[in-house]
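Enquirer: got a sequence here, can you model it:
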Amino acid sequence: MKGGYNLTLKEGLDFKVRRRHWLPEMLGVECIAFGKTLYFKRIDGGIPKHEFLHLVQFHKYGAVRVVVHYLFHVARNLCRYGNFRDAFREVPFEREAREFEAGGLQGKDKEVESSQATLEEA
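Expert: Below is the predicted model of the structure:
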């Protein structure tokens, strides 16, 4: 499901940011993207590139397709790896997000723009 991503999403227009939210706390992470919202555990901090790409994936494919993608690949990978951590890590969308975070994945516009948000390498 690689390529053709529009990396020009803007906070407030294309996605929302919710800070001090219970969801990341419950999942034991600092932030998580779901649908068109990025949920943060804390009140401060920029938008991690990894999570930004997940917002882009949700924007391109829609929530249902993204969730089905994760469920299918996690189930398949559980059989392959025998543990959730490796199964989740090897979901293609997760691999793309790590590649993007490392600077290796380019979208249609080749640059990440966010007028009201700061992307961080985190």
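Enquirer: all contacts plus neighbour counts: C-alpha atoms, from now on.
Expert: OK.
Enquirer: and the residue nearest in space to the middle of the chain, what element?
Expert: Among the residues of the chain, the one closest to the centroid is H54, at 2.3 Å (Cα atoms, centre = their mean). According to DSSP states H and E, H54 maps onto helix 49-61.
Enquirer: go on, F88?
Expert: helix 84-89.
Enquirer: what's the average pLDDT for that helix?
Expert: Mean per-residue pLDDT for helix 84-89: 96.
Enquirer: in terms of secondary structure, what does that helix contact?
Expert: helix 63-81 (3 or more Cα pairs under 8 Å, 6 or more residues apart in numbering; DSSP states H and E).
Enquirer: ok and the helix it packs on relative to helix 49-61, angle-wise?
Expert: 120 degrees (axes from the mean of the first three to the mean of the last three Cα atoms, to 10 degrees).
Enquirer: what comes up buried for helix 63-81?
Expert: Using 16 or more other Cα atoms under 10 Å as the test for burial, helix 63-81 gives 63, 66, 69-70, 73-74, 77-78.
Enquirer: what sits against the residue nearest to the centre of the chain?
Expert: Neighbour list for H54: 33-34, 93, 97 [criterion: Cα atoms under 8 Å, 6 or more residues apart in numbering].
Enquirer: same question, Y81
Expert: A87.
Enquirer: again, 10 Å this time
Expert: Counting by Cα atoms under 10 Å, 6 or more residues apart in numbering, Y81 makes contact with 74, 87-88, 90.
Enquirer: count of neighbours near Q57?
Expert: Using other Cα atoms under 10 Å, Q57 has 26 other residues around it.
Enquirer: same deal with G45?
Expert: 14.
Enquirer: settle this for me: F88 is touching R80, isn't it.
Expert: No - look at F88 against R80 with Cα atoms under 10 Å: they stay out of range, at 11.4 Å.
Enquirer: just give the closest residue to V66, not the sequence neighbours.
Expert: Once flanking residues are discounted, V66 sits nearest to F58: 6.3 Å by Cα to Cα, 6 or more residues apart in numbering.
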